[in-house]
Structures are given as C-alpha cells and as structure tokens.
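Engineer: Pasting a predicted model and its sequence here:
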Amino acid sequence: MNNTVVGVVAIDDGGNSTCVVTKDVKESFPSVKGYYGKRNLTEITHKHDFIIDYKGQKYVAGMLAKYDCTMPLQMHTETKQHDFYDLSVLIAIHQYGYPANNIVVSVPIKSYSLEERDGRLQRLKGSHTISINGVSKTFSINDVKVAPETASAFFINEPNGKTRYIDFGSRTIGAATTIKEGDVIRFIDTESDTFFGKGLEALDGSYSPKGLADYVCGMLSKMWSKHDIVYLLGGGALDTQLVTYVKEFFPNAEVMENPKMCNAIGMYNSGRSAYGIS
C-alpha cells in the first residue's frame, strides 16, 4: 500500500522573489542564484541562505547569493524554461513541499502558450534529488499546472462582474481582466497585457513612480474605463507614490492584502480546485 504524502504547492517563481503557498505555509525567499565557485568561508546564517547541489552542479541561492556571490543571477527572459526557474521550484519543494507534489507555477500572460506550458511541465515533472545545506531529499512532482500571472489573483476573492488587476513585478508589469457572472468565470485576453522589461528591477535606475504609472495606465486606458474596479498587487504595489499616480487614472484602484503573495495565494486556491481538494 502506498502511503506517500501528496500535497498541492503553488510556486510563483518571480525574478526577484519566489513565493510559496501550501496548506500550512505562506513563504517567500529571494530568487537570486549564482554558481558556488571557489569559496574559502561560507556561513549559513539566515533561513534563506542556500547552498545547493543538483545534477553535479553546485550553486548558492537566496539571501546568500544576494549578498555573497561574484555574479548573482536574476533572469529577465520572457520564457521560464530555464534552470534558473527550475531551481526556484525545486528549492521551494525541498524546503516546504511534500514527498509527492502536485504543483502550480506561473508565466506572464503574454508568454502563456501551449509550448511554454508543456515545456515547463516536461522540465519539472518527475523525480528529483536535490541537496540544500547538506540535506538531501528525493521527491516527485506528479503534475504541473501552469497559471497566468496577475489573473491568478482573481481566485483569492472571486469578485463578481468585470474586474481589473495590475501586477507590478520585478521583471514585468501584468494587466489582467476577469469576468464572473453567476457560475461563469472568464479571463478576457483582449483586455489584458504584459509589459516586458518594465518591472521595477528591470528598469533599475530608470524607475520613476510617476513615469511608470503614466506609461502603464496610459496604455491600459485604451482598453479600460476610468471608473473600473482595479486591484493592485506585486511588490510595486507597496510603493505608495506609485499607487497614488495609478489612482490618477483609475480612482477606484486599491492595493490587495499581502500584495507580494497574491499570485501564489490565488494559484494555490485554483490549484486545490483543479486537483480536486476541498
């Protein structure tokens, strides 16, 4: 009889942070990674300091890579079919997952395609052995659901009518539209978008709260009405100046609770439904 514990894990593997939600955990850690290289003294002092051995390669990740790495890596590619994102998922499961996992991961709305979905599934599904800080674990990923970033936040409260979402991330800015009418839920692709290279870290020294709000909201105003209900999420939603400038375009805009975790929480809720867990 197989008594392997199986659980649902939602992993929003962003460029800046990886957010993880299970039935017991809501956690995030820095996504930054780098090669271990030649090191003389490396101390593990933070719960998100990670020294990783995976498939014969040694890495540093999390807080350790952020503060003590020769070439810290933060990926800004449009595709997530890359070792950088695979490692985010595997770290999350090693630290917070189960012996067997049904997972939900994310991609930007405008990167969502059958090729991207199937590519992520093929890279992640199966058995994995990974060692972090000397602790080796072998676990399986039984299934992979790929969710659209930004729109996933709908599944936190599932509001009725037409609802807009703006996700101010580190790599991209996502804009999503959903409609709920009775039992019918739809994602409206023609009124949604992804702004690549306009995330707060991607802009780096060019970041201006007013400039970003004017650019993004000015573009969205072609599709959205001034009086629409707009929910703000992502790390940028914590910038009160940025929020103030967004409200000049959309006065009804409001910041969601725990905005950095919203994608992962929504992904977990939708994942529980997709995997048939009440």
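Structural biologist: Here it is on my side, so go on.

Engineer: which stretches of this protein have low pLDDT?
Structural biologist: The model of the chain has pLDDT under 70 over residues 1-3, 278.

Engineer: quick one: the strands in the stretch 1-150 of the chain?
Structural biologist: Using DSSP state E, counting those that start in this stretch, the strands of the stretch 1-150 of the chain run over 6-13, 17-21, 26-30, 33-35, 49-54, 57-62, 100-107, 126-132, 135-148.

Engineer: Can you list the buried residues in the fourth one?
Structural biologist: With burial defined by 16 or more other Cβ atoms under 10 Å, the residues of strand 33-35 counted as buried are 33, 34. The C-beta positions use only the backbone N, C-alpha and C, and glycine is treated the same way.

Engineer: Check which helices and strands that strand sits against.
Structural biologist: Identification of packing neighbours for strand 33-35 by 3 or more Cβ pairs under 8 Å, 6 or more residues apart in numbering; DSSP states H and E yields strand 57-62.

Engineer: Kindly reformat the strands of the stretch 1-150 of the chain as CSV and extend each row with distance to residue 170.
Structural biologist: Output for the strands of the stretch 1-150 of the chain, formatted as CSV (distance: least, Cβ to Cβ, whole Å):
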stretch, distance to residue 170
strand 6-13, 11
strand 17-21, 7
strand 26-30, 10
strand 33-35, 14
strand 49-54, 19
strand 57-62, 15
strand 100-107, 13
strand 126-132, 23
strand 135-148, 17
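
Engineer: can you tell me which of those comes nearest to residue 225?
Structural biologist: strand 135-148 (22.2 Å; Cβ to Cβ).

Engineer: Tell me which helix or strand comes right after that closest one.
Structural biologist: helix 154-157 (DSSP states H and E).

Engineer: For residue 77, grab phi and psi.
Structural biologist: Backbone geometry at residue 77, expressed as degrees, to the nearest 10, gives phi -80, psi 150.

Engineer: and it, how many neighbours?
Structural biologist: Residue 77 has 13 neighbours, counted by other Cβ atoms under 10 Å.

Engineer: ok, how many other residues are close to the nearest residue to residue 37 once chain neighbours are set aside?
Structural biologist: Of all residues not flanking residue 37 in the chain, residue 70 sits nearest, at 6.0 Å (Cβ to Cβ, 6 or more residues apart in numbering). Residues contacting residue 70 under the criterion other Cβ under 10 Å number 11.
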